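Participant: Compute the structure for the input listed below.
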Amino acid sequence: MTNDDEAQFLEFAIKSGNVVLLPRVASNIPFMPVETPPKSSSEYPPWWPYFLFNYSVSSNLVIKPGKGGYHLDSLESSVIEYSPCAQQGSVLYPGRIWAQFDYLDHQTKSYRPKEEQFEKWYGRLSRWLKSRYKPLTATATVTGKTFVIGIAGPDALRFLEKGGMLALNGLGAKKMVEGNCPVCGGLLEEEAVLLSNGSTKVVHKCLNLSCAYFGDAPQ
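Facilitator: Below is the predicted model:
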């Protein structure tokens, strides 16, 4: 998703019931909804997930004290994890929606299903995405086989067609490499990206966001 894709999806999600977008951690309870689309900060990095909670289908929201404040328990709560996409320079990083449909009953030590309406609500959001987004395919360099790596929104596809690159891994997954950025001398990490022709390549990226250096990895 680009920012435009994200705004359209969250507008649909919020209107699909009495829905709010909640952070994963907060200094106080009750948790206060965040603005949509959410904005990352130094206290809330762009790869941290948010959670969609629908009061129309559930009241099951489990908050626990923890390091740095209070934490939303996504495994026990009836929430949909929403991990936003993030753009850095010419690379767009993937996000996802995800949900756990059962929870551990601590009294019986067994798993029990969450609300049926909760699972149906997740299905509604999933179908909305799949009906409007296009599958992304990549061609393996060694075998030449084509495989699906995800789906992309309309504006994300335009971003790709205009020369942007789509990262295969999330923003929080880092693989450091030897050497320093040729522009600013900062640290470099390795990134696998998808190109508009369906091929993939490995690039080196500077971790200094103000530099935004990207370059082909040495062969």
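
Participant: From here on, just use CA atoms for contacts and neighbour counts.
Facilitator: OK.

Participant: what about Ser210, distance to Cys184?
Facilitator: Computed as C-alpha to C-alpha, to the nearest Å, the Ser210 to Cys184 distance reads 10 Å.

Participant: ok, these two, which is more surrounded?
Facilitator: Legend: neighbour count by other C-alpha atoms under 10 Å for Ser210 and Cys184, higher for Cys184 (13 against 10).

Participant: what about the closest residue to that one other than its chain neighbours, how many neighbours?
Facilitator: The shortest distance from Cys184 to any non-neighbouring residue, by C-alpha to C-alpha, 6 or more residues apart in numbering, is to Cys211 (6.8 Å). Neighbour count of Cys211, defined by other C-alpha under 10 Å: 15.

Participant: domains of this structure?
Facilitator: 3-132, 134-216 (automatic domain parsing).

Participant: Take these and write them to TSV, including mean pLDDT.
Facilitator: Converted to TSV, the domains of the chain look like this (pLDDT from 0 to 100):
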stretch	mean pLDDT
domain 3-132	93
domain 134-216	84
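
Participant: contacting residues for the closest residue to Ser90 other than its chain neighbours?
Facilitator: Spatial nearest neighbour of Ser90, excluding adjacent residues (C-alpha to C-alpha, 6+ apart): Gly164 at 5.1 Å. Taking C-alpha atoms under 8 Å, 6 or more residues apart in numbering, we find Gly164 in contact with Ser90, Val91, Leu92, Leu195, Ser196.

Participant: Buried only: go through those for me.
Facilitator: Buried members of the contacts of Gly164, scored by 16 or more other C-alpha atoms under 10 Å, are Val91, Leu92, Leu195, Ser196.

Participant: ok, those vs Asp73, which is closest?
Facilitator: Distance to Asp73 across the buried ones among the contacts of Gly164 (C-alpha to C-alpha) is lowest for Leu92, with 28.1 Å.

Participant: quick one: the helices in the protein?
Facilitator: Along the chain, the segments classed as helices by DSSP state H run 3-14, 116-132, 154-161.

Participant: What count of nearby residues applies to Pro30?
Facilitator: Using other C-alpha under 10 Å, the number of residues around Pro30 comes to 9.

Participant: do you know how far it is from Pro46?
Facilitator: Pro30 is 23 Å from Pro46, by C-alpha to C-alpha.

Participant: what do you get for Lys109?
Facilitator: With distances taken as C-alpha to C-alpha, Lys109 is found 35 Å from Pro46.

Participant: Now do the same contact list for Ser40.
Facilitator: The neighbours of Ser40, taking C-alpha under 8 Å, 6+ apart as the test, are Pro46.

Participant: can you give me the end-to-end distance of stretch 47-65?
Facilitator: First-to-last residue span, stretch 47-65, C-alpha to C-alpha: 22 Å.

Participant: and Ile14, what does it touch?
Facilitator: Val20.

Participant: out of the helices of the chain, nearest to Arg24?
Facilitator: For the helices of the chain, the distance to Arg24 is smallest for helix 3-14, at 17.2 Å, taking C-alpha to C-alpha.

Participant: Distance from the closest one to the middle of the chain?
Facilitator: 13 Å (C-alpha atoms, centre = their mean, to the nearest Å).
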